[in-house]
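1. Model the structure of this input:
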Amino acid sequence: MVWWKRDGKARQPEEPLPEPLPCPVCNGHAEAVIDMYTIGGYAGQDDFWGCRCSVCGYGFFGATGGPRSEREAISRWEILVRNTLDVIAEPLEECPKCHIAPEVKQNVVEGQAFLQCPKCLEAVCGDAPVAVKFKWNRRCRRRQAAKLKAARQARLLERVIGEDVD
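-> Sure, this is the predicted structure:
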């Protein structure tokens, strides 16, 4: 089958668009949408595609440098879904100071979710619960890596000092 375009050139039909994966947060229906931006409020208008869940609103908005087609938006959504599912599947790290699991809380005024250690009150906050969990786990891993590095450096220093004394 050949499709004809206005310029008179024969083109092959495009493959049908894939159906976006369901939302990883609420399992709702996701859809690709156009977000239009005016440049400086005056002249030109740019169309950027975003992909969001129609139930909970999780996803991304079209923005400068974002997808320019529905197909690109859907492929970016699939990457976001895979990354989100990876974060959700990760276990929640214990507080590196106290070795206690953090509590999930919500800021009543701003509506932000946050994780907080009940003992030392170390906290991480953000708009999306998945991002908060990712930030918490990243912070805990960095602190654990810093402790290991400090311990290695202390052992090395002890060896160096011990060699100089002899």
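
2. quick one: Y58 from C140, how far?
-> With distances taken as CB to CB, to the nearest Å, Y58 is found 24 Å from C140. Quick note: C-beta positions are derived from backbone N, CA and C, even for glycine.

3. Just the helices from the protein, written as ranges.
-> Taking DSSP state H as the criterion, the chain carries its helices at 70-89, 129-165.

4. looking at those, which is closest to V33?
-> Among the helices of the chain, helix 70-89 comes nearest to V33, with 8.1 Å by CB to CB.

5. chain center to the closest one: distance?
-> 9 Å (CA atoms, centre = their mean, to the nearest Å).

6. Point to the residue nearest the middle of this structure.
-> Centroid-nearest residue in the chain, with CA atoms, centre = their mean: A131, separated by 5.7 Å.

7. can you pull the contacts of R71?
-> 17-18 (CB atoms under 8 Å, 6 or more residues apart in numbering).

8. can you start the count at 54 instead of 1 from here on
-> Sure, I'll start numbering at 54, so the last one becomes R124.

9. Local confidence estimate at it?
-> R124 is assigned 86 on the pLDDT scale.

10. likewise K202?
-> K202 is given a pLDDT of 94.

11. Next, the contact list for the nearest residue to R194 once chain neighbours are set aside, please.
-> In space, and not counting its chain neighbours, R194 is closest to E146: 6.9 Å by CB to CB, 6 or more residues apart in numbering. Going by CB under 8 Å, 6+ apart, E146 touches 189-190, 193-194.

12. Can I have the buried ones of these as a ChimeraX selection?
-> A single ChimeraX command selects the buried members of these (16 or more other CB atoms under 10 Å):
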select :189,190,193
